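Visitor: sequence first, predicted model second:
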Amino acid sequence: MATGSMETALMSDPTAKLPDDLLVEIISRVPYKSTRCCKCVSTRWRDLIAHPDHREKLPRSTLAGFFYKIYDLKRRPPDSHGYLSVSGTGAPGGIQYFGELEDHCYWDSLSFLSEYESLQILDCCNGLLLCRARKSTDPETLDDPKTLDYVVCNPATEKWVTVPATKWSWLVDSACLGFDPAVSAHFYVFELVPDIAWVPSCAFLSRVLYLCPDNNSVAAVDVEGNCRIIPIPTSHDAPDRPNVYASQGQLYLTIQGASELSIWVLEDSSSENCWTLKLNVSHLRLFGIEYSSSEQYYGVISAHPEHDVIFIIKGFRLWYRPEKKLFSYDMDSGELCFICDLPWNSTCPYLSYVPLFSESLADGH
């Protein structure tokens, strides 16, 4: 009878033969929201996820904060960056501080990458950072390919690997990172050729990188290098490009018109007409009568990875009012919440950071 029960259990649960360490490794590669669902599979899964020895390996949090660039040549090095915590957990590990202002942290390097004299953060994807790194800042060596690398690192574990520069690396202004730990432990670096120059945002979903090269389309580039163009669902009357973001396993497209903000979701990437309107809200409703397009501006910088929430920066165009404020907007309730003031010299890109505690780069340095 006992043997029969064991056979029945193995048939109903194929993972019953897996050792605990291997099962934890598999669960560590799924998103945080899915990890919570895994606790309901069985008492064994629940106990493994809740065990203190596994908390560092399993995803424990969602959006932790934002990396951003600082532009102030008089006070800080040109490649300085900042980090803003929105979870109250402070800056990720490995950061060498330059100074602090409340929840904002400034630094001029990642301490575990000390062999590089200059680091420029280009992108952040599912817990990994993509940096352009130089071993020397001597003007006479700037064209030497031996002094330039791409570095992909995990600030939470301080693991990192280098990706050698290509023949394009000296000409491109931007590069994007593609990484999905739920699908594969491999990451992909996409160099954007000079005619694309700089894009305000990109999103990586199902082994495809999405970005907006112009006001009328979304480009989809898969990891094999194949590219297709998807027309955006509607024209808009603002000079800024649309932006794309990944949220809840879907592609979000934000379009800021002269008087309203609209957000669309791509339901089927294989079709050109599968955009669904998720939100359409006027500037007046967002910010009230205080918003004036002649003096103020705003921009969507990110979407929450697990909730129907977007993050918006609002500021002044006037030089004598250098203020920037960060807000969150709940698309379900329509509630706009002030989060904090941003340094006036913070600039794009604002890169959302979700800590990754698994050893995805364990084979690196």
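Guide: Sure, I can see it. Numbering: from 1, shown residues only.
Visitor: how about the strands in the stretch 51-200 of the chain?
Guide: Taking DSSP state E, counting those that start in this stretch as the criterion, the stretch 51-200 of the chain carries its strands at 65-70, 81-85, 95-101, 104-110, 118-125, 128-134, 148-154, 159-164, 174-179, 187-192.
Visitor: what's the mean pLDDT across the helix or strand that comes right after the last one?
Guide: This points to strand 187-192. For strand 187-192, the succeeding helix or strand toward the C-terminus, using DSSP states H and E, is strand 202-205. Confidence for strand 202-205, expressed as mean pLDDT, is 93.
Visitor: residues in contact with residue 296?
Guide: 287, 290, 314-317 (CB atoms under 8 Å, 6 or more residues apart in numbering). C-beta here means a position set from N, CA and C on the backbone, and glycine is covered the same way.
Visitor: now the strands of the stretch 51-200 of the chain in JSON lines, with mean pLDDT?
Guide: Formatted as JSON lines, the strands of the stretch 51-200 of the chain follow (pLDDT from 0 to 100):
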{"stretch": "strand 65-70", "mean pLDDT": "87"}
{"stretch": "strand 81-85", "mean pLDDT": "83"}
{"stretch": "strand 95-101", "mean pLDDT": "39"}
{"stretch": "strand 104-110", "mean pLDDT": "53"}
{"stretch": "strand 118-125", "mean pLDDT": "89"}
{"stretch": "strand 128-134", "mean pLDDT": "89"}
{"stretch": "strand 148-154", "mean pLDDT": "90"}
{"stretch": "strand 159-164", "mean pLDDT": "90"}
{"stretch": "strand 174-179", "mean pLDDT": "91"}
{"stretch": "strand 187-192", "mean pLDDT": "90"}
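Visitor: looking at those, which is closest to residue 202?
Guide: Of all the strands of the stretch 51-200 of the chain, it is strand 174-179 that lies closest to residue 202, at 4.5 Å by CB to CB.
Visitor: elements contacting the closest one?
Guide: strand 118-125, strand 128-134, strand 187-192, strand 202-205, strand 208-211 (3 or more CB pairs under 8 Å, 6 or more residues apart in numbering; DSSP states H and E).
Visitor: go ahead and list the helix or strand containing residue 284.
Guide: Per DSSP H and E, residue 284 falls inside helix 283-287.
Visitor: next secondary structure element downstream of that helix?
Guide: Toward the C-terminus, helix 283-287 is succeeded by strand 296-303 as the next helix or strand (DSSP H and E).
Visitor: report the mean confidence score over that next one.
Guide: For strand 296-303, the mean pLDDT works out to 88.
Visitor: how about the CA coordinates for that strand, as PDB?
Guide: This file holds the C-alpha atoms of strand 296-303, laid out as PDB (Å, rounded to 0.1, in the frame of the first residue of the first chain):
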ATOM      1  CA  GLN A 296       6.200  72.300 -17.400                       C
ATOM      2  CA  TYR A 297       6.900  68.900 -18.900                       C
ATOM      3  CA  TYR A 298       6.400  65.300 -17.900                       C
ATOM      4  CA  GLY A 299       7.500  62.000 -19.100                       C
ATOM      5  CA  VAL A 300       6.700  58.300 -18.400                       C
ATOM      6  CA  ILE A 301      10.000  56.700 -17.400                       C
ATOM      7  CA  SER A 302       9.000  53.100 -16.500                       C
ATOM      8  CA  ALA A 303       6.200  50.600 -15.800                       C
END
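Visitor: tilt between the helix or strand following it and strand 65-70?
Guide: Following strand 296-303 in sequence order, the next helix or strand is strand 309-316 (DSSP H and E). Following axes from the mean of the first three to the mean of the last three CA atoms, to 10 degrees, one obtains 30 degrees for the angle between strand 309-316 and strand 65-70.
Visitor: what helices or strands is strand 309-316 leaning on?
Guide: Applying 3+ CB pairs under 8 Å, 6+ apart, one finds that strand 309-316 contacts strand 296-303, strand 324-330, strand 336-342, strand 346-353.
Visitor: quick one: closest of these to residue 250.
Guide: Per CB to CB, nearest to residue 250 of the helices and strands packed on strand 309-316: strand 296-303, 9.4 Å.
Visitor: partner strands of that closest one, with direction?
Guide: In the sheet, strand 296-303 lines up against strand 309-316 (antiparallel) (DSSP bridges).
Visitor: so what's residue 242 up against?
Guide: By CB under 8 Å, 6+ apart, residue 242 lies in contact with 212, 215, 218, 232, 236, 253-256.
Visitor: including distance to residue 43, secondary structure and neighbour count, could those residues go into a markdown table?
Guide: Output for the contacts of residue 242, formatted as a markdown table (distance: CB to CB, whole Å; DSSP: H, G, I helix; E, B strand; the rest coil; neighbours: other CB atoms under 10 Å):
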| residue | distance to residue 43 | secondary structure | neighbour count |
| --- | --- | --- | --- |
| 212 | 47 | coil | 24 |
| 215 | 54 | coil | 15 |
| 218 | 45 | strand | 25 |
| 232 | 48 | coil | 19 |
| 236 | 52 | coil | 18 |
| 253 | 42 | strand | 23 |
| 254 | 43 | strand | 25 |
| 255 | 47 | strand | 24 |
| 256 | 49 | strand | 22 |
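Visitor: min pLDDT across those, which one?
Guide: residue 236 (59).
Visitor: which residues does residue 299 bridge with?
Guide: residue 313.
Visitor: circling back: by neighbour count, which of the contacts of residue 296 wins?
Guide: Counting neighbours by other CB atoms under 10 Å, residue 314 leads the contacts of residue 296 with 20 neighbours.
Visitor: who are the contact partners of that residue?
Guide: By CB under 8 Å, 6+ apart, the residues touching residue 314 are 287, 296-298, 324-325, 327.
Visitor: just the buried residues of the residues you listed.
Guide: Using 16 or more other CB atoms under 10 Å as the burial test, the contacts of residue 314 include 287, 296-298, 324, 327 as buried.
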